[in-house]
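Asker: sequence unknown, structure follows:
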Ligand SMILES: [Zn+2]
C-alpha cells in the first residue's frame, strides 16, 4: 500500500482543492479559499458507498473526492464478478477516490439520465462532471489504469 502524506479534498462550497495532511484526515478543516468548514471524514471511508437517486447530487456531484460509480443490478452475473474487486479498490484507494454503487433497478432516474444501456457500467465523476465511462466487467488492472490520473 502506498504511504500518503497528504490528501486532496475538494471544498463542497467553492470547489477549491485543499491539501489535508495525513494526520488531520477525518477532522474538520477550513477551506483555504472560502473559509467554509469541511468535514473530512470521507477521507477515512474504506468501503463502497450506496448511491441512490435522492443522494446522487450530494454524494457524486458534490463529492470532495473523484468518484468511480458502479451501476449494477443484483441479477447481473458480470456485476457479481467486479463487486469484490471494487471493495478491494475502496480499501486501496481510501482517501483518494470514492467508489459508489448504484442499483439501476432501484434508481431509474439516475440510470436514465446517464443513459446506462448495459451493466456493469462504471462512470467516473470529478468536480461535478462525468469524465469517463467504462463498460463491462473489466479486470482490476484495467480499472486501476483508467483511474491512474486520480491516484
Ligand atoms: Zn471553499
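Answerer: Cool, got the structure. In this text the structure is predicted, and so the values were computed from the model without any measurement.
Asker: mind telling me what element the residue of the chain most remote from its centre is part of?
Answerer: Here the chain reaches farthest from its C-alpha mean at residue 35, the gap being 24.5 Å by CA atoms, centre = their mean. Under the criterion DSSP states H and E, no helix or strand holds residue 35.
Asker: where exactly do the strands run in this structure?
Answerer: Counting by DSSP state E, the chain has strands at residues 6-10, 17-21, 28-30, 37-39, 49-51, 67-72, 98-103, 121-126, 129-135.
Asker: now tabulate the ones you listed in TSV and tack on mean neighbour count, distance to the ion and mean pLDDT.
Answerer: The C-beta positions use only the backbone N, C-alpha and C, and glycine is treated the same way. TSV is the format used below for the strands of the chain (neighbours: other CB atoms under 10 Å; distance: least, CB to the ion, whole Å; pLDDT from 0 to 100):
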stretch	mean neighbour count	distance to the ion	mean pLDDT
strand 6-10	19	9	96
strand 17-21	15	7	97
strand 28-30	14	9	97
strand 37-39	15	7	97
strand 49-51	18	22	98
strand 67-72	24	19	98
strand 98-103	23	18	98
strand 121-126	20	17	98
strand 129-135	13	18	97
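Asker: which parts of the protein belong to which domain?
Answerer: Per the record's domain assignment (automatic domain parsing), the chain is made up of the domains 6-42, 45-150.
Asker: flag every residue of this protein that's near the ion.
Answerer: Within the chain, the residues that sit near the ion (CB under 5 Å from the ion) are 11, 13-14, 16, 31, 33-34, 36.
Asker: looking at the strands of the chain, which is nearest to residue 142?
Answerer: Ranking the strands of the chain by distance to residue 142, with CB to CB as the measure, places strand 129-135 first at 7.8 Å.
Asker: which helices and strands does that closest one pack with?
Answerer: Using 3 or more CB pairs under 8 Å, 6 or more residues apart in numbering; DSSP states H and E as the contact test, the elements touching strand 129-135 are strand 121-126, helix 140-146.
Asker: which other helices and strands contact the shortest one?
Answerer: Using 3+ CB pairs under 8 Å, 6+ apart, the elements in contact with strand 121-126 are strand 67-72, strand 129-135, helix 140-146.
Asker: ok, now the longest one?
Answerer: When contacts are defined as 3+ CB pairs under 8 Å, 6+ apart, helix 140-146 sits against helix 77-92, strand 121-126, strand 129-135.
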